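K.L.:
Fold the following for me, if possible:
(one chain, ligands or ions: 2)
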Amino acid sequence: MTRIAVIDYDLCHPDKCGNFLCVRLCPVNRKGEDCIVRKDRQEGSAKKLRPFIIEETCIGCSICVNKCPFGAISIVNTPEQLKEEPIHRFGENEFVLFRLPVPVKGVVGLLGPNGMGKTTAMRLLSGQISPNLGKYGEDASKELARIHRGSELQSYFEDIAKEKKKTVYKPQQVSMLPKVASGTVSSFLSDEMIKKLELANCAGRDIGALSGGELQRLATGIALSREADVYYIDEVSSHLDVRQRINTAKIIRESAEDKYFMAVEHDLATLDFMADKIHVFYGVPGV
Ligand code: SF4
Ligand code: SF4
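P.N.:
Ligands and ions are numbered 1, 2, ... in the order given. Reported below is the predicted structural model:
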């Protein structure tokens with residue numbers, strides 16, 4: 001795969017750009033070949049006519065990128081060294097992720113700007129979403145061990161497939177917690193965990209009445225209280241002050257002595273304190 005074309009369909013308004021401006025300007029189209037084509041796209045319950053870029057025939061001239069009045073198109077040339085096929089693609093002309101970080105004993109940190117696929121990588125590794133290896137709509141989970149033959153990920157995926165490894169995922173958006181669960185803090189956490197996370201002052205409070213920082217610590221506590229082999233912790237420090245960040249990072253470090261942890265974290269000091277290894281994500285956000 002030498003070129004990635006992504007269209008942000010939320011920004012694409014073919015009726016407001018002069019009727020598919022990109023389709024009309026693409027030099028490959030003008031030569032009579034198909035490069036940007038009009039096709040139906042399923043959006044909710046309706047099908048809408050949208051532009052689609054055929055990556056194989058695109059020459060990367062960026063005319064469509066520069067001319068689209070809504071900045072809906074991104075064209076990225078992949079680095080020469082990137083020989084392998086994608087791990088996951090959300091759809092045609094949508095975000096694509098190459099490669100996965102490797103979970104190992106201790107804490108593995110994931111670093112990179114937003115929109116680079118860190119959460120997607122953790123959701124793939126924890127089994128929250130099934131990888132499709134770039135073939136939209138297919139479940140390629142069973143092929144993961146084969147394509148990672150010879151690497152540490154091979155045994156990881158074999159164990160996941162045989163249900164020998166149990167995973168826990170702490171989501172990024174803790175504000176959603178009151179929408180999917182109800183009860184007081186003490187109904188979710190042991191007294192010991194409440195003390196460790198400094199939640200004693202709100203132990204009897206209902207989840208719907210907690211602040212962002214309290215919800216963050218509750219979500220982390222719930223994840224850490226579950227019995228698993230691999231813990232995926234998506235952003236642990238948002239809504240927390242510096243002292244609470246260090247305290248939570250300490251608890252994660254203690255828990256990671258004989259377990260596998262992977263953590264997305266934007267606060268460099270917290271990540272440096274927590275992680276034994278760090279994977280750096282590179283690419284173009286959203287692409
Ligand atoms: S991508 Fe831009 S130029 Fe192309 S149809 Fe959509 S709005 Fe028009
Ligand atoms: S970048 Fe590709 S799709 Fe866009 S105008 Fe050029 S050749 Fe066509």
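K.L.:
Please count neighbours and contacts with C-alpha atoms only from this point.
P.N.:
Will do.
K.L.:
mind listing what the residue in the stretch 51-200 of the chain positioned nearest to ligand 1 touches?
P.N.:
As assessed by CA to the nearest ligand atom, ligand 1 sits closest to Cys68 within the stretch 51-200 of the chain, at 3.9 Å. With contact taken as CA atoms under 8 Å, 6 or more residues apart in numbering, Cys68 is in contact with Cys17, Leu21, Cys22.
K.L.:
And these, which is closest to ligand 2?
P.N.:
Using CA to the nearest ligand atom, the contacts of Cys68 come closest to ligand 2 at Cys22, 6.5 Å.
K.L.:
ok, and the closest non-adjacent residue to the closest one?
P.N.:
What sits nearest to Cys22 in space, not counting adjacent residues and going by CA to CA, 6 or more residues apart in numbering, is Cys64, at 5.0 Å.
K.L.:
ok, Gln42 touching Tyr9?
P.N.:
No. Assessed by CA atoms under 8 Å, Gln42 is found out of contact with Tyr9, at 11.1 Å.
K.L.:
Compare the two (neighbour count), which wins?
P.N.:
Set Gln42 next to Tyr9 and count neighbours by other CA atoms under 10 Å: Tyr9 wins out with 15 against 11.
K.L.:
pLDDT value on the closest residue to ligand 2 within the stretch 101-250 of the chain, please?
P.N.:
Proximity of the stretch 101-250 of the chain to ligand 2 (CA to the nearest ligand atom) peaks at Gly134, 19.4 Å away. With respect to pLDDT, Gly134 scores 89.
K.L.:
State the distance from it to Asn93.
P.N.:
Per CA to CA, to the nearest Å, Gly134 is found 11 Å from Asn93.
K.L.:
In terms of neighbours, single out the busier of these two.
P.N.:
Set Gly134 next to Asn93 and count neighbours by other CA under 10 Å: Asn93 wins out with 22 against 19.
K.L.:
Angles on the backbone of the more buried one, please.
P.N.:
Note on Asn93: backbone dihedrals following degrees, to the nearest 10 are phi 60, psi 40.
K.L.:
so it sits right up against Ala5, yeah?
P.N.:
Yes. When contacts are counted by CA under 8 Å, Asn93 is listed as touching Ala5 (5.5 Å).
K.L.:
At which residues are the strands of the chain located?
P.N.:
3-7, 36-43, 46-53, 73-77, 88-89, 96-97, 106-111, 167-170, 230-234, 260-264, 277-280 (DSSP state E).
K.L.:
want to try TSV for these, with distance to Ser190 and mean pLDDT as columns?
P.N.:
As requested, those are exported to TSV (distance: least, CA to CA, whole Å; pLDDT from 0 to 100):
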stretch	distance to Ser190	mean pLDDT
strand 3-7	46	96
strand 36-43	44	96
strand 46-53	48	97
strand 73-77	49	96
strand 88-89	38	94
strand 96-97	38	95
strand 106-111	24	96
strand 167-170	18	94
strand 230-234	19	95
strand 260-264	21	95
strand 277-280	30	95
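K.L.:
is it possible to export those strands to a markdown table including distance to ligand 1?
P.N.:
Listed next are these as a markdown table, based on distance: least, CA to the nearest ligand atom, whole Å:
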| stretch | distance to ligand 1 |
| --- | --- |
| strand 3-7 | 7 |
| strand 36-43 | 9 |
| strand 46-53 | 6 |
| strand 73-77 | 6 |
| strand 88-89 | 19 |
| strand 96-97 | 18 |
| strand 106-111 | 31 |
| strand 167-170 | 36 |
| strand 230-234 | 32 |
| strand 260-264 | 32 |
| strand 277-280 | 31 |
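K.L.:
And those: which comes nearest Arg146?
P.N.:
strand 88-89 (15.4 Å; CA to CA).
K.L.:
And the closest one, what does it pack against?
P.N.:
strand 96-97 (3 or more CA pairs under 8 Å, 6 or more residues apart in numbering; DSSP states H and E).
K.L.:
Please identify which of the contacts of Cys68 is nearest to Lys118.
P.N.:
Cys22 (31.0 Å).
K.L.:
Check what pLDDT the closest one gets.
P.N.:
pLDDT, Cys22: 98.
K.L.:
how about it, what does it touch?
P.N.:
Cys22 makes contact with Ile36, Pro51, Ile63, Cys64, Lys67, Cys68, according to CA under 8 Å, 6+ apart.
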